[in-house]
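Colleague: got a predicted model here, sequence first, then my questions.
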There are 2 protein chains.
Amino acid sequence: MSHDLITHTFLPFFDNDVLRRSNDAGVVIPKRSTPDHNLDVGKLAISTDSHVVWPLFFSGGDIGRLAVCGTVNDVAMMGADPLYLTAGFILEEGLEFEILERIIKSMQASAQEARIQIVAGDTKVVQNGKADGVYINTSGVGILPNDLIIDGAYAQPGDIVLISGTIGDHGIAVLEARGELGFRSGISSDIAPLNDMVQNILEAGADVHVLRDPTRGGLATSLTEIARQSHVCIEINETSIPVRPAVNAACEMLGFDPLYIANEGKLIAIVSEASAGQALEAMRNSRYGDDATVIGKVIDKPEDRVLMKTALGTTRVIEMLSGEMLPRIC
Amino acid sequence: MSHDLITHTFLPFFDNDVLRRSNDAGVVIPKRSTPDHNLDVGKLAISTDSHVVWPLFFSGGDIGRLAVCGTVNDVAMMGADPLYLTAGFILEEGLEFEILERIIKSMQASAQEARIQIVAGDTKVVQNGKADGVYINTSGVGILPNDLIIDGAYAQPGDIVLISGTIGDHGIAVLEARGELGFRSGISSDIAPLNDMVQNILEAGADVHVLRDPTRGGLATSLTEIARQSHVCIEINETSIPVRPAVNAACEMLGFDPLYIANEGKLIAIVSEASAGQALEAMRNSRYGDDATVIGKVIDKPEDRVLMKTALGTTRVIEMLSGEMLPRIC
């Protein structure tokens, strides 16, 4: 629904070159609209995300850490160094102060870890029953070198596809906190800031074409988006995709596919074949990248498609998630 | 409550030089955290606001126009040229598509008027009863010359205080739309982008010390904030403050003071005495500035105070609004 809303409702009205690129953050080169000042302000990556996750706290994280890391990661996926964050709170009347304080402390700790500065904030209070505790919007601004272009449309046949670790952890942790699992999985959300990993990959000299964090809709949805943006086929190997046994077990029980479960501390990197080794090493040497691995490659046909070689040796077409399988997962 | 929340809850944790200035937008000079790239990206003003106004439509505007202009104005109040906007939507399940479309069209038209580009967006859907139609966060990024400093802490004794037009229109228009007036006032919200007016004031060469848009809490609250930030006394003349007769009538009936009613298309300018004439002329020559006028001056004592010479010749201390008089006014 979100993809449809964006494509069919927002884009036609807000249409511009930046939004049309459909990346995690908009990349812009500021030009003053009145040209009397000659200011060179480089290239910026700008992103926004509203966070409505429910419940507010779950194993491995909370809405505050999610709000900071979610936007840090969106900015980082453009290759940018995330520098500034804004935080807009919508509070439901009656929210306990202790809860808000825990969330704010968590945001502060996450911002510190990601070395991003919160430079603007806003709070609004709505009546009881007009929100659900607290919703948090964060927007982020990062800077990147003028000659660096990382974009969902830049995957090329021959490229290698990497994932930075196990998939599905965040979604299962939130479902468990909702009491929807019926057993204790031991799974914690993977929420984490990935900006250091991105800088490590770039500093290793890897020729990076695409970076994306597979959040809502999971790995399958993100890969399908990239295949469509780049007009290529992405071929992945089921047996290469790291999934924790407990996540697999929970998915089997609930009838879900881990490919579609949200992640909040993972990134997909699509890099030239020649630099796949450097990229993989840089990911594994980064915090949160221990389980990084190659999961597939980019081929030319069928365009706009993701194919998966299954454990059984067959090939399956991976479709984009239609509808929101897990509402309020982030 | 918002002032208290920000001062006592958010600031202690998010504390940094930018937020502590308590301006409408944070002003930053980007420096890359890894110093291997030598990027000069000038000075940015960054702002965020979540909009929860109820009802969604009212005379003179709607939540969409409010969301764009509110953030454009916050960025402009730092003297910056607002260039980029993000839009984050929280939609209540069941919201009619036609309503969303009207709001988006209104945002697009307002963004076009303000010549600001929407570069990132996000939508989240929450269950029926977990929001109220739609909430919209906008964050804005603008650029400003490195040598320009406009700041709430820069009001100086001798400065002149100007307002760009009549006060209280927005608040009364929203109250009327809620059916709380009991009569038809004929008042429309003043929602408007003020970035052109700000550029006109600066281009006229006025020596501008403070700019602020008196939104939530009205003129009284904004002036008190500035008096406290600058440690000065702001003295205003009741008879100089432009208020439409219908706004006055509505306020008398409801027991409100127009000084505390929200505005969404007005700015306070505090400028050196020598440049007050230039500033006033530039404001009057700008769209939305027909009724601009001088309303007072800055004196040294009593510090941190706003005093008003009343129509009766007495002097009244103007207090900051405590509690939220009109919830969900923006």
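Modeller: Received, thanks.

Colleague: domain ranges for chain A?
Modeller: By the record's domain assignment, chain A is partitioned as A:2-144, A:160-318 (automatic domain parsing).

Colleague: so the longest one, near chain B or not?
Modeller: Yes - Domain A:160-318 lies within reach of chain B by CB under 8 Å from any CB of the partner chain, at A:199, A:203. Placement of C-beta: from N, CA and C, glycine included.

Colleague: now do the end-to-end distance for that domain.
Modeller: Across domain A:160-318, the terminal residues are separated by 18 Å (CA to CA, to the nearest Å).

Colleague: what about it, average pLDDT?
Modeller: Looking at domain A:160-318 alone, the average pLDDT works out to 96.

Colleague: how distant is it from the center of its chain?
Modeller: Its chain's average C-alpha position is 10 Å from that of domain A:160-318, according to CA atoms, centre = their mean, to the nearest Å.

Colleague: same question for stretch A:316-328.
Modeller: Here the centre of mass of C-alpha atoms in stretch A:316-328, compared against the chain's by CA atoms, centre = their mean, lies 15 Å away.

Colleague: do the same with stretch A:104-117
Modeller: Offset of stretch A:104-117 from its chain centre (CA atoms, centre = their mean): 18 Å.

Colleague: adding mean neighbour count, write the domains of chain A out as a markdown table.
Modeller: Compiled in a markdown table, the domains of chain A are given as follows (neighbours: other CB atoms under 10 Å in any protein chain shown):
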| stretch | mean neighbour count |
| --- | --- |
| domain A:2-144 | 21 |
| domain A:160-318 | 20 |
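
Colleague: how far away is residue A:287 from residue A:260?
Modeller: From residue A:287 over to residue A:260 the distance is 26 Å, taken as CB to CB, to the nearest Å.

Colleague: mind checking which of the domains of chain A is nearest residue B:98?
Modeller: For residue B:98, the closest of the domains of chain A is domain A:2-144, at 11.2 Å, according to CB to CB.

Colleague: number of nearby residues for residue A:146?
Modeller: Under the neighbour criterion other CB atoms under 10 Å in any protein chain shown, residue A:146 is assigned a count of 12.

Colleague: which pLDDT value belongs to the nearest residue to it once chain neighbours are set aside?
Modeller: With sequence-adjacent residues excluded and distances taken as CB to CB, 6 or more residues apart in numbering or on different chains, residue A:146 is closest to residue A:43, at 5.2 Å. Note for residue A:43: predicted pLDDT of 83.

Colleague: now swap in residue A:125 and tell me
Modeller: Per-residue pLDDT puts residue A:125 at 93.

Colleague: isn't it right up against residue B:327?
Modeller: Yes - contact status for residue A:125 versus residue B:327: in contact at 6.6 Å, counting by CB atoms under 8 Å.

Colleague: quick one: the helices in the stretch 51-200 of chain A?
Modeller: Assigned by DSSP state H, counting those that start in this stretch, the helices in the stretch 51-200 of chain A fall at A:63-76, A:97-114, A:169-177, A:195-203.

Colleague: which residues are contacting stretch A:101-121?
Modeller: The contact list for stretch A:101-121, computed with CB atoms under 8 Å, 6 or more residues apart in numbering or on different chains, reads A:56-57, A:61-65, A:67-69, A:72, A:82-89, A:134, A:136, A:140, A:193, A:195, B:6, B:9-10, B:13-14, B:16, B:18-19, B:25-26, B:28, B:33, B:46-48, B:139.

Colleague: switch the cut-off to 6 Å
Modeller: Contacts with stretch A:101-121, where a contact means CB atoms under 6 Å, 6 or more residues apart in numbering or on different chains, come from A:62-65, A:68-69, A:72, A:82, A:84-87, A:193, A:195, B:10, B:13-14, B:16, B:18, B:26, B:28, B:33, B:46-48.

Colleague: ok, and the closest non-adjacent residue to residue A:123?
Modeller: With sequence-adjacent residues excluded and distances taken as CB to CB, 6+ apart, residue A:123 is closest to residue A:89, at 4.5 Å.

Colleague: what does residue A:126 give?
Modeller: The shortest distance from residue A:126 to any non-neighbouring residue, by CB to CB, 6+ apart, is to residue B:52 (5.3 Å).

Colleague: residues in contact with the one you found?
Modeller: Under the criterion of CB under 6 Å, 6+ apart, the contact list for residue B:52 reads A:124, A:126, B:135, B:328.

Colleague: again, but for residue A:171
Modeller: Contacts for residue A:171 (CB under 6 Å, 6+ apart) come out as A:261-262, A:326, A:329.

Colleague: name the nearest residue to it, ignoring sequence neighbours.
Modeller: Computed as CB to CB, 6+ apart, the closest residue to residue A:171 that is not its neighbour in sequence is residue A:261, at 3.6 Å.

Colleague: show me the beta-bridge partners of residue A:141.
Modeller: As for beta bridges, residue A:141 partners with residue A:46, residue A:84 under DSSP bridges.

Colleague: wouldn't it be in contact with residue A:85 here?
Modeller: No - applying CB atoms under 6 Å, one finds residue A:141 not in contact with residue A:85, separated by 7.9 Å.

Colleague: now the strands for the stretch 101-250 of chain A?
Modeller: Under the criterion DSSP state E, counting those that start in this stretch, strands of the stretch 101-250 of chain A are mapped to A:117-126, A:134-144, A:160-163, A:208-212, A:233-237.

Colleague: got the CA positions of the second one in CSV?
Modeller: The C-alpha atoms that make up strand A:134-144 are tabulated as CSV, following Å, rounded to 0.1, in the frame of the first residue of the first chain:
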residue,chain,number,x,y,z
VAL,A,134,4.1,8.3,20.9
TYR,A,135,4.9,8.6,17.2
ILE,A,136,8.3,9.9,16.2
ASN,A,137,9.4,11.5,13.0
THR,A,138,13.1,11.8,12.3
SER,A,139,14.6,13.6,9.3
GLY,A,140,18.3,13.4,8.5
VAL,A,141,20.8,15.4,6.6
GLY,A,142,24.2,14.1,5.5
ILE,A,143,26.9,15.2,3.2
LEU,A,144,28.7,13.3,0.5
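
Colleague: quick one: contacts of that strand?
Modeller: A:42-48, A:50-52, A:63, A:67, A:71, A:75, A:79-91, A:95, B:30, B:39, B:41, B:48, B:50, B:86, B:88, B:90, B:137, B:139, B:141.

Colleague: likewise the third one?
Modeller: With contact meaning CB under 6 Å, 6+ apart, strand A:160-163 is reached by A:268-271, A:273, A:276, A:294-297.

Colleague: which two in the residues you listed are spaced the farthest apart?
Modeller: The largest separation in these, counting by CB to CB, is between A:268 and A:273 at 16.1 Å.

Colleague: and the next element down the chain from the helix or strand harbouring residue A:307?
Modeller: Per DSSP states H and E: residue A:307 is located in strand A:305-309. The element immediately downstream of strand A:305-309 (helix or strand, assigned by DSSP H and E) is strand A:315-318.

Colleague: for that following strand, which strands pair with it and how are they oriented?
Modeller: The partner list of strand A:315-318 in its sheet, established with DSSP bridges, is strand A:305-309 (antiparallel).
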